[in-house]
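# structure, please.
(chains A and B)
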Amino acid sequence: GNSVTQMEGPVTLSEEAFLTINCTYTATGYPSLFWYVQYPGEGLQLLLKATKADDKGSNKGFEATYRKETTSFHLEKGSVQVSDSAVYFCALAGGTSYGKLTFGQGTILTVHP
Amino acid sequence: DAGVTQSPTHLIKTRGQQVTLRCSPKSGHDTVSWYQQALGQGPQFIFQYYEEEERQRGNFPDRFSGHQFPNYSSELNVNALLLGDSALYLCASSLSGGGANVLTFGAGSRLTVL
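Numbering: from 1, shown residues only, chains lettered A, B, ... in the order given. As a prediction, this is how the structure comes out:
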């Protein structure tokens, strides 16, 4: 079956530091890949997505590239802000499972001033 | 434009009881999915409703059931509650077809089973 593995957390950074959160996946076929963010007390929000190999998703300074050869979708941001503190989830949707997402366990990011 | 709204936001039940959670999808969305998020874990897919029918189901027992109404709103019912059912229950709505994987989530209903 499908699965998503995220790097162990939590991650603590200083403001303006570079961020990488690793995500690898196992899936049959050609899944779509997503990063969702969850701020305290709120629901998950779609941050970015990629639907085919070598696609790069980007939003709010965050980027992730769909790497089929390494089955990875690592999240990066060049300069984090305190407001980026949240929980980040990597997820995939199988080719025929519309709306049925498989999530990783989440990575807590804390950014200090 | 209201997003996904869920009620109640918090509730406490005892083992063996039954609970009903409610969800109103984002305006224009016709598909509702339910997820269970245990503390410190990622959400797990419970089931999905479209056109008032269950279209997909995850690995959850029959104690978990749902319903979708003609206005696309949805309910999640859990019978014979167990301690392990304590979690944040998330409702997500989407458009059928090509937009089905772009989910809009509500803030969730936090269920505590004592």
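
# please, where are all the strands along chain B?
In chain B, the segments counted as strands under DSSP state E are B:5-7, B:10-13, B:19-24, B:31-37, B:44-50, B:53-57, B:64-68, B:74-78, B:87-94, B:104-105, B:109-113.

# closest one to A:Thr24 among these?
strand B:44-50 (18.8 Å; C-beta to C-beta). C-beta coordinates here come from the backbone N, C-alpha and C atoms, glycine included.

# how far off strand B:74-78 does that closest one point, in degrees?
If you take axes from the mean of the first three to the mean of the last three C-alpha atoms, to 10 degrees, strand B:44-50 sits at 140 degrees to strand B:74-78.

# near chain A at all, strand B:44-50?
Yes. Counting by C-beta under 8 Å from any C-beta of the partner chain, chain A is contacted by strand B:44-50 at B:44-45, B:48.

# can you pick the most crowded of those residues?
Highest neighbour count within those, by other C-beta atoms under 10 Å in any protein chain shown: B:Gln48, with 26 neighbours.

# hmm, that residue is touching A:Leu101, no?
No. Checked against C-beta atoms under 8 Å, the pair B:Gln48 and A:Leu101 is beyond contact range at 10.3 Å.

# CA atoms of stretch B:18-30 as CSV?
Written as CSV, here are the backbone C-alpha positions of stretch B:18-30 (Å, rounded to 0.1, in the frame of the first residue of the first chain):
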residue,chain,number,x,y,z
GLN,B,18,-22.1,7.0,20.6
VAL,B,19,-21.1,10.3,19.0
THR,B,20,-22.2,12.3,15.9
LEU,B,21,-19.9,14.9,14.3
ARG,B,22,-21.1,17.4,11.7
CYS,B,23,-19.5,19.1,8.7
SER,B,24,-20.6,21.7,6.3
PRO,B,25,-18.4,21.8,3.2
LYS,B,26,-16.9,24.8,1.5
SER,B,27,-19.3,26.5,-0.8
GLY,B,28,-19.3,24.8,-4.2
HIS,B,29,-17.7,21.6,-3.1
ASP,B,30,-19.7,18.4,-3.5
